[in-house]
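Novice: sequence and predicted structure below; questions after.
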Amino acid sequence: MKMDSRIDRILSRVPLTPKLLIITLFVWGLVWGILEYLQSNQLKKITDIQLTHLLEQQARENRIRFDNYVMAYHDMAVLIVSQKAFVDHVRGYAGFSDGTKGIKYHTEIPAWLPDASVMRHFVRIHNAVLIDGMGRVREVYQGTSGIVPRSLLPPSALLLKMSRGQSMLTVVDGVPYLIVSDAVKDPNRGDTLALALISPVDDDFLSASQGVISGRGIIALVETARQQVVASNAPDLIPAGTQLDLLADRYLITSKAFFDWGGSEMLMQFTALVSKDELAEMGRAMLVEGRVQRSFISLALLMSFAMIMFWITGKIHLLTENIGDFSHNILNMRLPEISTGRDQLRILEERFAMFKDEIIGSREKLKRQAEELLREKTVYLDTLLHSSSMAVVATDLDLKIKYFNPTAETLFSISAETAIGKTVSETKLDERLDIPCFEKIINDSDGDEECISTTINKTAKGEQILESKVSIVKDAEGNISGLLMITQDITERKKAEEQRLELERQLLHSQKLESIGVLAGGVAHDFNNLLMAVLGNLHLALMKLSPGTPVRTLIEQAIQASNRTADLTRQMLAYSGKGMFIIEKLDINEMVKENASLLNSTVAKTAMLGIDLQPDISRIEADSGQIQQVIMHLLINASEAIGENTGVIMLSTGEMECDETYLRGSRTDEVPKAGRFVYLEVSDTGSGMDVETQQHMFDPFYSTKFTGRGLGMSAVFGIVRSHRGAIMVDSVMGRGTTIRVLFPAEAL
């Protein structure tokens with residue numbers, strides 16, 4: 001341990017740059033040696049594989065060129081025998097099949113061969129021989145290759161094959177020859193004459209077959225059976241007759257075999273050879289080139305590393321200074337000065353250690369401050385919630401209560417100790433709150449995070465209206481952890497709003513009715529004055545006419561029409577409240593009984609009128625004529641609702657105690673005071689009314705009948721309003737309508 005600490009102290013005194021440089025040089029030398037070893041072996045393998053592949057490819061190409069060269073000889077033989085000069089020579093050949101004549105030799109190009117100007121465009125003809133159908137040589141052309149082998153001149157099986165037009169690669173007198181022949185037949189005598197081109201397969205032939213192309217290396221034609229070189233394109237290096245196995249030490253050899261042409265038993269193969277000395281020299285050159293490239297790459301990497309190293313050390317130095325400045329200016333602590341002769345990383349490590357300790361201390365201090373602040377905020381928030389005028393209740397997802405403020409205790413009459421830890425159902429809060437609102441916000445997939453509901457509860461003091469706003473509570477990870485409910489008693493506010501709305505409705509309706517009433521009253525009053533003048537004059541005219549005059553009937557009809565018109569004006573005046581009426585104490589039951597026959601006459605024949613009078617009801621203070629109009633118009637309206645169908649109309653009377661809530665349902669614009677009322681009710685089993693019809697049924701001139709004037713129910717409205725009464729309407733489509741008219745009962 002002492003030795004390690006001593007070494008560590010020594011290394012800490014060495015600056016970072018020299019240490020990095022030493023490490024870099026060591027790593028570079030190690031990598032260089034490994035690359036040298038791997039590259040040398042890999043290069044040898046790659047070179048051997050590539051050269052073997054190239055030699056095989058070259059052997060294939062050499063064989064293909066050799067085949068093409070042989071085919072050129074064959075094509076030339078076919079071309080020669082098809083020329084006219086050769087055919088004419090065959091036809092004029094005397095004693096074609098006579099074997100007594102000897103062989104004719106030519107040293108110049110004979111007539112049966114193309115001219116020299118033509119011959120230079122084809123492969124070189126070494127020897128050309130004419131053979132008859134018996135396999136006997138007749139004529140011989142000796143070209144540049146010397147004399148035809150003597151063993152080919154006497155008749156033989158080989159010549160017999162040649163006379164039939166065959167090509168072959170064979171050995172004659174120990175020398176390989178290519179013999180290509182083609183025959184032509186004399187049409188007159190039926191004899192055949194064959195042309196045979198004979199070429200020795202020697203070094204020149206092999207070179208000519210490959211063409212004059214440099215860089216092909218050494219190629220050789222080898223006899224397969226004896227593995228002996230027959231010919232090569234480098235006879236000075238590999239002469240004919242050399243055994244192939246003797247060349248294995250000096251050359252890399254690749255061979256491609258092929259069969260002979262014709263009937264010879266001879267097998268040949270093409271061989272490509274590359275000197276191993278040349279391969280070794282090539283490998284050394286490639287290694288040298290690789291070392292040169294590695295040297296340049298290594299130099300570039302070293303320079304790049306040096307630049308990066310200086311940049312990194314500069315950044316480390318700057319970071320060390322920044323840490324010192326931050327520690328001094330922010331944390332108010334002194335760190336040791338930077339020494340240029342020490343390892344910057346070690347200095348940075350020491351400063352980071354001190355910096356870490358200071359941060360840990362600061363974090364603990366901040367943690368204590370945060371906890372203290374949290375306690376203060378908790379106390380402040382708890383104070384706010386305790387002082388809130390709204391009931392605040394917090395629950396978990398199972399609706400188990402976690403918080404219950406004092407206002408909630410007062411509002412729900414439950415102590416916090418009793419409520420906390422229990423569910424809303426156990427504390428019976430579900431009877432006073434909208435629990436589906438809780439479930440909706442928990443299970444809602446639309447992303448709503450709050451739900452507002454209003455519940456009405458019956459208490460000993462009357463109705464209690466509670467408005468609750470339920471919101472979700474999320475934890476630090478964003479998951480729903482519970483619910484927060486804020487509830488307030490809005491009973492008084494709702495009452496105030498209802499009163500305000502009722503006043504606004506009454507004001508608007510009264511203004512509308514007042515406007516219509518002023519208009520209707522003014523028109524009816526003026527029209528009634530004019531009508532009285534008309535009626536007076538009609539009565540005066542009727543008095544002056546004798547009883548038997550025909551004009552008297554017309555005047556009586558005009559008086560009746562004027563009286564009906566006067567009834568309309570009285571209805572309009574009744575609606576406007578400007579009609580003249582006499583207030584007296586009336587018994588509605590007696591009025592119904594006295595006008596029973598008149599009431600029956602107003603009902604349609606298809607309807608049956610029933611009367612149900614509650615005995616001993618109080619009297620009312622009203623105008624009897626106007627009350628009679630109310631009864632008549634209600635019965636007429638019920639009869640028209642039944643129409644041509646059969647139905648029942650029930651006229652009922654009674655007395656009841658009405659509170660303010662019930663009277664708010666009145667269709668009049670002014671709600672009467674609560675108390676005892678005498679009512680007159682007419683119900684029918686007619687078609688009933690929809691909501692829109694009910695809203696306009698008391699408007700002047702509104703009628704659902706084609707012949708209706710729309711003044712009957714508006715007159716009822718005006719009369720009831722002027723008597724400070726109320727009108728209740730209950731109608732269902734298809735089942736009928738019930739209209740109850742209430743008048744204040746006489747005070748006892």
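Specialist: Done, it's in.
Novice: the stretch 251-400 of the chain: helices as residue ranges?
Specialist: 276-329, 344-387 (DSSP state H, counting those that start in this stretch).
Novice: in terms of mean pLDDT, which of these ranks lowest?
Specialist: Note on the helices of the stretch 251-400 of the chain: lowest mean pLDDT is at helix 276-329, with a mean of 73.
Novice: ok but Leu503 is inside a helix, no?
Specialist: Yes - using DSSP: H, G, I helix; E, B strand; the rest coil, the assignment for Leu503 is a helix.
Novice: before we move on, the earlier item: need the helices of the stretch 251-400 of the chain in a markdown table (columns: distance to Met71 and mean neighbour count).
Specialist: Backbone N, C-alpha and C define where each C-beta goes, glycine included. Compiled in a markdown table, the helices of the stretch 251-400 of the chain are given as follows (distance: least, Cβ to Cβ, whole Å; neighbours: other Cβ atoms under 10 Å):
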| stretch | distance to Met71 | mean neighbour count |
| --- | --- | --- |
| helix 276-329 | 33 | 13 |
| helix 344-387 | 79 | 13 |
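Novice: pipe the ones you listed into a markdown table and attach distance to Ser232 per row.
Specialist: Listed next are the helices of the stretch 251-400 of the chain as a markdown table, based on distance: least, Cβ to Cβ, whole Å:
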| stretch | distance to Ser232 |
| --- | --- |
| helix 276-329 | 17 |
| helix 344-387 | 71 |
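Novice: closest one to Ile64 among those?
Specialist: With Cβ to Cβ, the closest approach to Ile64 among those belongs to helix 276-329: 24.8 Å.
Novice: mind checking the helices of the stretch 251-400 of the chain for the one nearest to Ser666?
Specialist: Going by Cβ to Cβ, the one of those nearest Ser666 is helix 344-387, 44.2 Å.
Novice: now that closest one against helix 276-329, angle please.
Specialist: 50 degrees (axes from the mean of the first three to the mean of the last three Cα atoms, to 10 degrees).
Novice: starting at the chain centroid, how far to helix 344-387?
Specialist: Its chain's C-alpha centre and that of helix 344-387 lie 45 Å apart, by Cα atoms, centre = their mean, to the nearest Å.
Novice: list the helices and strands it packs on?
Specialist: Judged by 3 or more Cβ pairs under 8 Å, 6 or more residues apart in numbering; DSSP states H and E, helix 344-387 is in contact with helix 276-329.
Novice: got the domain boundaries for the chain?
Specialist: 82-201, 388-489, 491-577, 581-744 (automatic domain parsing).
Novice: among these, show the one with the smallest mean pLDDT.
Specialist: Across the domains of the chain, domain 491-577 gives the lowest mean pLDDT, at a mean of 71.
Novice: give me the beta-bridge partners of the closest residue to Ala234 other than its chain neighbours?
Specialist: Leaving aside its sequence neighbours, Ala234 sits nearest to Ile218 (Cβ to Cβ, 6 or more residues apart in numbering; 4.8 Å). Counting by DSSP bridges, Ile218 forms beta bridges with Leu273.
Novice: about what we covered before: for the helices of the stretch 251-400 of the chain, which one sits closest to Lys593?
Specialist: So among those, helix 344-387 is nearest, using Cβ to Cβ, at 69.1 Å.
Novice: neighbours of Glu497, just the number please.
Specialist: 11 (other Cβ atoms under 10 Å).
Novice: so where does it fall, helix or strand?
Specialist: helix 491-544 (DSSP states H and E).
Novice: go on, Ile46?
Specialist: helix 16-81.
Novice: what residues of the next helix or strand after that helix count as buried?
Specialist: Beyond helix 16-81 on the C-terminal side, the first helix or strand identified by DSSP H and E is helix 84-91. Within helix 84-91, the residues scored as buried using 16 or more other Cβ atoms under 10 Å are 86-87, 89-90.
Novice: could you check the angle helix 16-81 makes with helix 84-91?
Specialist: 40 degrees.
Novice: so what secondary structure elements neighbour helix 84-91?
Specialist: strand 175-185.
Novice: the strand it packs on - contacts with which helices or strands?
Specialist: Going by 3+ Cβ pairs under 8 Å, 6+ apart, strand 175-185 lies up against helix 16-81, helix 84-91, helix 157-163, strand 167-172, strand 192-200.
Novice: including distance to Leu598, could the ones you listed go into a markdown table?
Specialist: Listed next are these as a markdown table, based on distance: least, Cβ to Cβ, whole Å:
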| stretch | distance to Leu598 |
| --- | --- |
| helix 16-81 | 125 |
| helix 84-91 | 151 |
| helix 157-163 | 153 |
| strand 167-172 | 147 |
| strand 192-200 | 153 |
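Novice: what angle do the helix holding Ile46 and strand 175-185 make?
Specialist: 40 degrees.
Novice: how distant is helix 16-81 from the center of its chain?
Specialist: With Cα atoms, centre = their mean, you get 54 Å for helix 16-81.
Novice: average pLDDT across it?
Specialist: The model assigns helix 16-81 a mean pLDDT of 74.
Novice: other SSEs contacting it?
Specialist: Using 3+ Cβ pairs under 8 Å, 6+ apart: helix 16-81 touches strand 167-172, strand 175-185, strand 192-200, helix 203-210, strand 218-223, strand 251-258, strand 268-275, helix 276-329.
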